[in-house]
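J.: Structure, please.
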Amino acid sequence: MREKEEKWSLFWCNLLHPVIFDTVEKHEINRYLKELCQKELVFPDGKRKKPSLSTLRRKLNRYKASGFESLARRTRSDIGKSRKAGPELIAKAIELKREQPRRSHIVINRMLYQIFGKRIPRTSLYRHLKNAGATRLKLGITKRKVRKRWTRDRTHDLWVGDFEEGPYVVCGDEVFPTHLSAFIDCHSRYVVEARYYYNQNMAILIDSLVRAWGVHGKSRELYLDNAKVYHSNGLKSACYALHINLIHRTAGDPAPGGLIERFFRTCQSQFESEVRVGDIMTLDGLNEAFSAWLNMGYHKEIHSEIETTPEKRYQEGLNVIRHVDMDDAIRFFMTVDYRTVDRVFSDIRLKNRYYQVDPSLRGDKVRIRYDPFSGMDSILLYSIKDDAWLGKGTLHDRKTGQEIPSSGQRKLVRNSYLELMINEHNKELEARSKGIDFRKAVQRRRWSFPSFTRKMAALMGRKGGMSAFNAKEHEMLKKAYNRMSGLNATLLTTAFELSVDKTLGAILYECQKLTRERSH
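T.: Numbering: from 1, shown residues only. Have a look, this model is predicted:
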């Protein structure tokens, strides 16, 4: 007996229990059954109704004659068979599908209508084709991949990285969206690096990987999606130099990215949901709170997939730490260009700026490397022939007439980039989390965003100006402010007066209607 049939048998037995086991006197059975007919019951199929007297008597007699299993709901004798489409129609549909597996239900029904003057509903047609093994999958046209869960035997065998949209933060008097950059270890589900930034670009990728490599060493493999930043030559070169197998997600196949996506969903439900209902934070405050949640919450909680905590799994699977020569790694992320040293001024022009170099290099063509995301106060010089170190170029102004000191004999220092990393990179590494080169500057308007929020707070009767709204409300206000270029105090006041509910969403909706009317 199937589970569904067993439920029906139990339902009738429970209902007739007093009669079945003679709890009710024989002369009272008829009265008891009539009382049952007056009660509204919930049947196993979820319907609420009253059982009929004839049904109760029939079920009781059936139990006495054939026992418990006879009370199960009987299966229709014609189940699985079409009551409208005849066997010839169904057979022809199967023949048409086998003949050309790519035929859709529309094409098949058109052909059936021409032959028989009838059509088969789409769901019924698919059921008959599936039972006959004549679907695209069964016929081998659609070849779905057989998935396996991502797993590795050891910690740092494989890292998976990606970007995700984050909550809005406040910076001065403005509100900006954030982006979460994260790398997670496949074996342990331990997050080796994750933090929020203002942008998602090459600078963020460098910062995230440098932080992860500096703390955990390198992984054997690195799995990323097909974003343009993950296909940069700098990343590929660095991975080849460090002997890291760089793997990109197959285009049009998002399923393998589920590991990092699962972490993002956990982050959104447990951390970002709390951020959005509280007061809006700065980027530093957001990352501080995120780091606390990551280390005290996520890493210490049982993960359903690995059935232990990521922190414990990380330590148990840690076999070796593959240290990274940061000097060797970072140089691959730098931009490479070629310049000829000016014979008169003994300098190099780059992005309309001038850099002093050794006077002995005047007239030579050199290879230069520089970090476009830094302040670019200096550049690195290498020979074109053997990529030998030639020294630094320092920023200067031709108009000052500063005399260039002779550096004497040229020195070839192979590992001097470590000095650059110590003096420049470490100082700017933390600063990058505060905002790495805004690429989209917010255009100044006549009416600023702080004035807009203060006016909104005053109209709604809230005290505190910008602090009167929580993080989620700030996000709504900022998005609306960016969409409506013609926003001003008069328009906002009018929208407030027109709105019925006096809620933030209703007021912004009226603002949007007014700006559209004025634009037309």
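J.: Which residue ranges of the stretch 101-250 of the chain form strands?
T.: Taking DSSP state E, counting those that start in this stretch as the test, the strands found in the stretch 101-250 of the chain are 158-165, 169-171, 174-176, 179-185, 191-197, 221-224, 245-248.
J.: can you check the stretch 301-450 of the chain too?
T.: Using DSSP E, counting those that start in this stretch, strands in the stretch 301-450 of the chain cover 335-340, 347-350, 353-356, 365-370, 378-382, 389-396.
J.: if we compare these, which one ends up closest to Val277?
T.: Val277 lies closest to strand 335-340 among the strands of the stretch 301-450 of the chain, at 42.5 Å (Cβ to Cβ). C-betas here are computed from N, CA, C, even on glycine.
J.: Run through who's touching the closest one.
T.: 348-350, 363-372, 384 (Cβ atoms under 8 Å, 6 or more residues apart in numbering).
J.: in that strand, what counts as buried?
T.: For strand 335-340, burial by neighbour count (16 or more other Cβ atoms under 10 Å) applies to Arg339.
J.: could I have it exported to CSV, CA atoms only?
T.: Output of strand 335-340 as CSV, limited to C-alpha atoms (Å, rounded to 0.1, in the frame of the first residue of the first chain):
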residue,chain,number,x,y,z
THR,A,335,50.8,48.5,-16.0
VAL,A,336,53.7,48.1,-18.5
ASP,A,337,54.5,50.7,-21.0
TYR,A,338,57.5,51.9,-23.1
ARG,A,339,59.0,55.4,-23.3
THR,A,340,62.1,57.2,-24.6
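J.: Strand partners (parallel or antiparallel) of that strand?
T.: Partners of strand 335-340 in the sheet, by DSSP bridges, are strand 365-370 (antiparallel).
J.: List the buried residues in the partner strand.
T.: So, applying 16+ other Cβ under 10 Å, buried residues of strand 365-370: 366-370.
J.: give me phi/psi at the closest residue to Cys511 other than its chain neighbours?
T.: Once flanking residues are discounted, Cys511 sits nearest to Ala495: 4.2 Å by Cβ to Cβ, 6 or more residues apart in numbering. When quoted as degrees, to the nearest 10, the phi and psi of Ala495 stand at phi -60, psi -40.
J.: export the strands of the stretch 301-450 of the chain to TSV and tack on distance to Asn109?
T.: Shown next, in TSV, are the strands of the stretch 301-450 of the chain (distance: least, Cβ to Cβ, whole Å):
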stretch	distance to Asn109
strand 335-340	60
strand 347-350	68
strand 353-356	70
strand 365-370	66
strand 378-382	70
strand 389-396	74
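J.: want to throw those into a markdown table with mean pLDDT and distance to Gln38?
T.: Formatted as a markdown table, these follow (pLDDT from 0 to 100; distance: least, Cβ to Cβ, whole Å):
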| stretch | mean pLDDT | distance to Gln38 |
| --- | --- | --- |
| strand 335-340 | 88 | 86 |
| strand 347-350 | 92 | 94 |
| strand 353-356 | 92 | 94 |
| strand 365-370 | 89 | 90 |
| strand 378-382 | 88 | 94 |
| strand 389-396 | 88 | 96 |
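J.: Neighbours of Val160, how many?
T.: When neighbours are counted by other Cβ atoms under 10 Å, Val160 registers 26.
J.: Isn't it up against Arg189?
T.: No: using Cβ atoms under 8 Å, Val160 makes no contact with Arg189, being 9.9 Å away.
J.: Next, show the common contact partners of those two.
T.: The contact sets of Val160 and Arg189 overlap at Leu259 (Cβ under 8 Å, 6+ apart).
J.: distance between the ends of stretch 333-347?
T.: 24 Å (Cα to Cα, to the nearest Å).
J.: err, stretch 217-226, not the other one
T.: Distance between the two ends of stretch 217-226: 24 Å, counting by Cα to Cα.
J.: chain center to that stretch: distance?
T.: Centroid separation for stretch 217-226 versus its chain: 18 Å, with Cα atoms, centre = their mean, to the nearest Å.
J.: oh, and call the first residue 2 from now on, that's how I've got it
T.: Yes, from this point I'll number from 2; that puts the last item at stretch 218-227.
J.: List the contacts of that stretch.
T.: The contact list for stretch 218-227, computed with Cβ under 8 Å, 6+ apart, reads 157-163, 186-187, 231, 240, 243, 245-250, 252, 257-258, 322-325.
J.: ditto for stretch 459-466
T.: Identification of contacts with stretch 459-466 by Cβ under 8 Å, 6+ apart yields 451, 454-455, 458, 469-470, 493-494, 497, 503, 505, 508.
J.: just curious, which of those residues is nearest to Arg63?
T.: Leu505 (63.9 Å).
J.: follow-up on the earlier one: compare the strands of the stretch 302-451 of the chain and report which one is nearest to Ser270.
T.: With Cβ to Cβ, the closest approach to Ser270 among the strands of the stretch 302-451 of the chain belongs to strand 336-341: 39.6 Å.
J.: so which of the strands of the stretch 302-451 of the chain comes closest to Leu488?
T.: strand 354-357 (38.9 Å).
J.: Okay, buried residues for stretch 226-246 please.
T.: Judged by neighbour count using 16+ other Cβ under 10 Å, the buried positions of stretch 226-246 are 226, 230-231, 233, 235-236, 239-240, 243, 245.
J.: do the same with stretch 265-282
T.: Quick answer for stretch 265-282 (16+ other Cβ under 10 Å): 265, 268-269, 272-273, 276-277, 281-282.
J.: Surely Val20 touches Tyr33?
T.: Yes: using Cβ under 8 Å, Val20 is in contact with Tyr33, at 6.6 Å.
J.: So those two - more neighbours on which side?
T.: Neighbour count, other Cβ under 10 Å: between Val20 and Tyr33, Val20 has more, with 19 against 15.
J.: quick one: Phe272 from Arg266, how far?
T.: Look at Phe272 and Arg266: by Cβ to Cβ, to the nearest Å, they are 11 Å apart.
J.: wait, Leu57
T.: With distances taken as Cβ to Cβ, Leu57 is found 51 Å from Arg266.
J.: Pull the contacting residues for Tyr356.
T.: Tyr356 makes contact with 348-350, 379-380, 394-397, according to Cβ under 8 Å, 6+ apart.
J.: I figured Ser490 hits Trp448, correct?
T.: Quick fix: residue 490 is Ala, not Ser. Yes: shown here, Ala490 and Trp448 form a contact pair, counting by Cβ under 8 Å, at 6.7 Å.
J.: quick one, which of the two is more surrounded?
T.: Higher neighbour count among Ala490 and Trp448: Trp448, with 16 against 12, using other Cβ under 10 Å.
J.: What is the neighbour count of the residue nearest to that one when sequence neighbours are not counted?
T.: Spatial nearest neighbour of Trp448, excluding adjacent residues (Cβ to Cβ, 6+ apart): Asn489 at 5.1 Å. Residues lying near Asn489 (other Cβ under 10 Å) number 16.
J.: Many thanks, I have nothing further to ask.
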